[in-house]
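Chemist: Using only what follows, build the 3D model:
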Amino acid sequence: MIIQLDTAAPAAPIVAALAALGYKTTEVNTQYAHYLVGIGKAEVDIRRLGQLPGVRDVHHVSDDYKLVSRKWRTRPTLVDLGDGVQIGEGGLAICAGPCSIESEAQMEKVMAHLVANNVRLMRGGVFKPRSSPYSFRGLGLEGLRDFHRLARARGIKIMTEVMQVSQVEEMHDYVDVFQVGARNTQNFNLLDALGGVDKPVLIKRGISGTIEELLSSAEYVFSAGNERLMLCERGIRTFETASRNTLDLNAVPILKEKSHLPVIVDPSHGIGLREHVPAMALAAVLAGADGIVYEAHETPETAASDGQQTLDFEESARLIRNLRRVFALRNELE
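Modeler: Numbers count the residues shown, from 1 in each chain. Model prediction:
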């Protein structure tokens, strides 16, 4: 169960009451609220708990992932990045940019493209986890500082991947959204560390991860104190070899049914084939996605990484127009 306490209420009396009922409790303090998560098997009349001093609300949640479950929070989470940039149900967030940040000139060209198409969120990796140690692995912290400086001058928010606990603090002031990549979805030390920051976190589904494992990863961050979370379907590894991954669009409505968190889809990694990225992005919108993140570069053929799944600026501009048209159609259908 989840017990929401008044902000200043002491937890000890409620913890004692739950212990007497055979429940183990975990105290969770986030940016917005004070909770107790109770784990136990005994039948409890939650109405009696709700009458205890300091208790604001009580919810019975049977899922292993409790705080991110929609069973207790029926109102969907809205992640506000500031300056009018919001991600959540009822809107369609678009985030585009290169797989890797390569140079200041490259960033300026991508940002000009985004501004021209009224896109306020840019993705780009400065620390890149690569399958080969000989591949380009990013510009590091100096590149991130440049990324932040250029984006701020143009009113753009930035999302970039954090790979290890030691990077969280040094990246903090230069990031609007921390991205947890597929390889780190179950890096629980990193998830705990991101629970201690007041910055939004986007968690990508693991390469072979289940929907429940993705939700459990989000639970780690929430339970450590950070409610500003987003879930990202980016394709999973299956027996199919015709595409880079298998983009699981089933996950979109299932995640939205199970969780109150925004659901984002990454069609670039999902299919890995440039010519099919737009089709999968549009399908994701119709499936109910709250946002799309994809890779764009002036000349994908010369990109330092993932050029085979990256759109050029003309393709990107066409996709942005069509995403907005399909989103408008989805609203009409609803």
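
Chemist: Would you mind listing the buried residues in the helix or strand of the chain with the lowest mean pLDDT?
Modeler: Ranking every helix and strand in the chain by mean pLDDT, DSSP states H and E puts helix 46-50 at the bottom, with a mean of 87. Using 16 or more other C-beta atoms under 10 Å as the test for burial, helix 46-50 gives Leu49. For the C-beta atoms, the positions are set from N, CA and C on the backbone; glycine is no exception.

Chemist: which helices and strands does that helix pack with?
Modeler: helix 12-20, strand 55-59 (3 or more C-beta pairs under 8 Å, 6 or more residues apart in numbering; DSSP states H and E).

Chemist: on contacts alone, who are the packing partners of the shortest one?
Modeler: In terms of contacts (3+ C-beta pairs under 8 Å, 6+ apart), strand 55-59 is packed against strand 2-5, helix 46-50.

Chemist: quick one, what contacts the closest residue to Leu215 other than its chain neighbours?
Modeler: Spatial nearest neighbour of Leu215, excluding adjacent residues (C-beta to C-beta, 6 or more residues apart in numbering): Tyr65 at 4.2 Å. By C-beta atoms under 8 Å, 6 or more residues apart in numbering, the contact set of Tyr65 is Glu212, Leu215, Ser216, Ala218, Glu219, Ser259.

Chemist: Assumed the second one was part of a helix.
Modeler: Yes: remark: Leu215 belongs to a helix, assigned using DSSP: H, G, I helix; E, B strand; the rest coil.

Chemist: mind checking how far it is from Leu255?
Modeler: Distance, Leu215 to Leu255, using C-beta to C-beta, to the nearest Å: 8 Å.

Chemist: quick one, which of those two is more surrounded?
Modeler: Legend: neighbour count by other C-beta atoms under 10 Å for Leu215 and Leu255, higher for Leu255 (27 against 23).

Chemist: Name the SS class of the most centrally placed residue in the chain, please.
Modeler: Among the residues of the chain, the one closest to the centroid is Leu202, at 2.1 Å (C-alpha atoms, centre = their mean). With three-state DSSP as the basis, the three-state label of Leu202 is strand.

Chemist: Which residue, other than its chain neighbours, is closest to it?
Modeler: Closest to Leu202 by C-beta to C-beta, 6+ apart is Met230, at 4.4 Å.

Chemist: I'd assumed Ile264 was in contact with the one you found.
Modeler: Yes: with contact defined as C-beta atoms under 8 Å, Met230 counts as touching Ile264 (5.5 Å).

Chemist: what do these two both touch?
Modeler: Counting by C-beta under 8 Å, 6+ apart, the shared contacts of Met230 and Ile264 are Ile87, Leu202, Asp290, Gly291.

Chemist: what's the third one in contact with, if anything?
Modeler: What that stands for is Asp290. Applying C-beta under 8 Å, 6+ apart to Asp290 gives the contacts Ile87, Gly88, Glu89, Gly91, Leu92, Ala93, Met230, Pro262, Val263, Ile264.

Chemist: Quick one: buried ones out of those?
Modeler: Buried, going by 16+ other C-beta under 10 Å: Ile87, Gly88, Leu92, Ala93, Met230, Pro262, Val263, Ile264, out of those.

Chemist: Now the two most distant members of the residues you listed.
Modeler: Using C-beta to C-beta, the buried ones among the contacts of Asp290 reach their maximum pairwise distance at Leu92 and Met230, which is 13.4 Å.

Chemist: Buried ones in stretch 178-188, by neighbour count?
Modeler: Phe178, Gln179, Val180, Gly181, Ala182, Asn184, Thr185, Gln186, Asn187.

Chemist: Farthest-apart pair in those residues, please.
Modeler: Maximum pairwise distance among the buried residues of stretch 178-188 (C-beta to C-beta): 16.1 Å, between Phe178 and Gln186.

Chemist: would the residue nearest to Leu202 count as being in a strand?
Modeler: Yes: assessed with three-state DSSP, Met230 lies in a strand.

Chemist: And this structure, what are its domain boundaries?
Modeler: Using automatic domain parsing, the domain ranges for the chain come out as 2-59, 79-333.

Chemist: need the contacts of Asp290 in JSON lines with pLDDT and secondary structure, can you?
Modeler: JSON lines is the format used below for those (pLDDT from 0 to 100; DSSP: H, G, I helix; E, B strand; the rest coil):
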{"residue": "Ile87", "pLDDT": "98", "secondary structure": "strand"}
{"residue": "Gly88", "pLDDT": "97", "secondary structure": "coil"}
{"residue": "Glu89", "pLDDT": "94", "secondary structure": "coil"}
{"residue": "Gly91", "pLDDT": "96", "secondary structure": "coil"}
{"residue": "Leu92", "pLDDT": "98", "secondary structure": "coil"}
{"residue": "Ala93", "pLDDT": "98", "secondary structure": "strand"}
{"residue": "Met230", "pLDDT": "98", "secondary structure": "strand"}
{"residue": "Pro262", "pLDDT": "98", "secondary structure": "coil"}
{"residue": "Val263", "pLDDT": "98", "secondary structure": "strand"}
{"residue": "Ile264", "pLDDT": "98", "secondary structure": "strand"}
